[in-house]
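Undergrad: Okay, predicted coordinates and the sequence, questions at the end:
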Protein chains: 2
Amino acid sequence: MEAPAPEDELNFCQACTVRNRAICADLETYEIALLNKIGRRRRLEAGESLMWEGDDAVYVANVVSGVLKLSTQTSDGREQILGLAYPSDFLGRPFGNTSPYNAEALCETVVCVFRRTDFERFALDHSRLEHKLLERTLSELDRTRRWMLLLGRMNAEERLAALLLEIGARSVAAGCGNSADADIDRFELPMSRQQIADILGLTIETVSRQLTKMREDGIIEIRGRRKVTICKRGVLEKLAA
Amino acid sequence: MEAPAPEDELNFCQACTVRNRAICADLETYEIALLNKIGRRRRLEAGESLMWEGDDAVYVANVVSGVLKLSTQTSDGREQILGLAYPSDFLGRPFGNTSPYNAEALCETVVCVFRRTDFERFALDHSRLEHKLLERTLSELDRTRRWMLLLGRMNAEERLAALLLEIGARSVAAGCGNSADADIDRFELPMSRQQIADILGLTIETVSRQLTKMREDGIIEIRGRRKVTICKRGVLEKLAA
DNA sequence: GCAGTAGTTTGACCTGAATCAATGACGTGT
DNA sequence: ACACGTCATTGATTCAGGTCAAACTACTGC
């Protein structure tokens, strides 16, 4: 296939749905054009991986649409999900040689990938980008540390309450803020029960039991396997506090 | 007291024991002089706090000597330690309004503090500093994520093994690399049993029992309450893997 | 619409770590 | 050198969540 004309390449970034929220948000038009030259889009199927823990960190990426899970595991195979990456989130390990986690798409996902070395060179020359990346990394560190409190000190019920609230909030934040499904109390779980268990440091049976209990208590409604409605937000918030 | 002469101010930073390892490492002499003007040293007693979770983020700091714990708690008082800060580590939340954690000295500690706003202004003008801060934040995020695997998926024995190895490694890395006590297998725990429990998401009794078990198995030796020697490093590494 | 299947729920039981309760020991100050 | 207070250890018991096993149910492809 022919390379697109320069105008198209520019439009490629400028028409991007995460253009104003990702780390490229503060860049000037000419910088966007440069960044556009070193990046390319990639589509991932559900279950497809973008990088593996321990492998050479070849790529970094921005999430354009979809959701990915970042995970790691013990030597004997117990998995722990480290976080979820939603649209506009940044993925990968700049200024490091190996990937610190696996990144796997949970549904059909589009990412904007850069060779790590290209990206690093660009970042070093464009401190606005580096600054955005720093702000994002600091926020991610805060979020990760809050998750440590959950894993270290909360019981199963509290963990599930925290996750449901977080997914509701992030599903909306990740959307484009325009559509009718931007309801913080009504969303679709982007992952299976097993993956919920791997996020919360629980087993699938415990997750299932707690979900059933919440349903029986009228705190949530579940339709199908993944459609959730929060009925008593206050109760969840109290549990997760 | 008189302000020190400019030469002394300069020397203050240049003679700093963490000068070559902290985020100021890559700065030019003139930049160091500028940074020196906005920072000041502060000594903390064991148990004294530098910042509280939820408070306005007024200060950021570099650790010069000693150790601090970063912690958070649930609304009903269960505590989780989020990490330890050793010499040359950076503390605080630049580009954020509130402190995401409590920071409390575990022993007599010296920090180099900056008003956050002063520091941010300096960082924005000196991208070398911002780059160092980014690298450090990315490393800290990696470390924190590894800890999530521990909290989510490891049992008490494995958690303790991981902590002992980490403390050994960081005690040495934090030293100046010159002294005789730079032995990775022989170090002093900088915290009480309760604090170990709060780091590992366990109770004090479980920590004590596991430590006793490791002593009985000849994996470690403990003299007094806090002096630890690792006798069978291989066993610990296997447990923590 | 049906069958097949992966994913989920539910039940029975077990276990590791928490909790409750003494007892013991380190290190501090006198 | 002693006594006190804090911190740590040890023991007995409980319980949340894990494990094992058996249904069940929502999607898939035909």
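TA: All right, it came through fine. Source: prediction; values computed, not measured.
Undergrad: Within range of DNA strand D, give me the residues from chain A.
TA: Contact residues (Cβ under 7 Å from any atom of the strand) of chain A with DNA strand D: A:155, A:156, A:157, A:201, A:202, A:203, A:205, A:206, A:224, A:225, A:226. Where C-beta positions appear, they are placed from N, C-alpha and C, glycine not excepted.
Undergrad: which bits of chain A sit near DNA strand C?
TA: Counting by Cβ under 7 Å from any atom of the strand, chain A sits next to DNA strand C at A:192-194, A:204-205, A:207-209, A:211-212, A:222, A:225-226.
Undergrad: can we see that at 6 Å?
TA: Residues of chain A lying near DNA strand C by Cβ under 6 Å from any atom of the strand: A:192, A:193, A:194, A:204, A:205, A:208, A:209, A:211, A:212, A:225.
Undergrad: Which helix or strand contains residue A:47?
TA: Element membership of residue A:47, judged by DSSP states H and E, is empty: it is in no helix or strand.
Undergrad: wait, what's in contact with it?
TA: A:104, A:105 (Cβ atoms under 8 Å, 6 or more residues apart in numbering or on different chains).
Undergrad: give the contact list for residue A:14.
TA: Residue A:14 touches A:29, A:32, counting by Cβ under 8 Å, 6+ apart.
Undergrad: That one and DNA strand D: what is the separation?
TA: 34 Å (Cβ to the nearest atom of the strand, to the nearest Å).
Undergrad: Over to residue A:229?
TA: For residue A:229, the distance to DNA strand D - Cβ to the nearest atom of the strand - is 14 Å.
Undergrad: Kindly confirm my reading that that residue is in a strand.
TA: Yes. Counting by DSSP: H, G, I helix; E, B strand; the rest coil, residue A:229 is part of a strand.
Undergrad: Need the nearest residue in space to it, chain neighbours excluded.
TA: residue A:221 (4.3 Å; Cβ to Cβ, 6 or more residues apart in numbering or on different chains).
Undergrad: before we move on, what SS does that neighbour have?
TA: strand.
Undergrad: Run through the helices of chain A in chain order.
TA: Applying DSSP state H to chain A gives helices spanning A:6-14, A:29-38, A:116-125, A:127-153, A:156-174, A:193-200, A:204-216, A:233-240.
Undergrad: can I get those helices in a markdown table with mean pLDDT?
TA: Shown next, in a markdown table, are these (pLDDT from 0 to 100):
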| stretch | mean pLDDT |
| --- | --- |
| helix A:6-14 | 57 |
| helix A:29-38 | 87 |
| helix A:116-125 | 94 |
| helix A:127-153 | 94 |
| helix A:156-174 | 90 |
| helix A:193-200 | 94 |
| helix A:204-216 | 96 |
| helix A:233-240 | 94 |
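Undergrad: that older thread, kindly reformat the residues of chain A next to DNA strand D as a markdown table containing neighbour count.
TA: Shown next, in a markdown table, are the residues of chain A next to DNA strand D (neighbours: other Cβ atoms under 10 Å in any protein chain shown):
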| residue | neighbour count |
| --- | --- |
| A:155 | 11 |
| A:156 | 17 |
| A:157 | 17 |
| A:201 | 25 |
| A:202 | 21 |
| A:203 | 14 |
| A:205 | 10 |
| A:206 | 19 |
| A:224 | 8 |
| A:225 | 10 |
| A:226 | 13 |
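Undergrad: So what sits opposite the residue most central in space within chain A in the bridge?
TA: By Cα atoms, centre = their mean, the mean C-alpha position of chain A lies nearest to residue A:85, the distance being 0.9 Å. Applying DSSP bridges to residue A:85 gives these bridge partners: residue A:68.
Undergrad: that older thread, between the helices of chain A, which one is closest to residue B:233.
TA: Each of the helices of chain A was scored for nearness to residue B:233 using Cβ to Cβ, and the closest is helix A:127-153 (25.8 Å).
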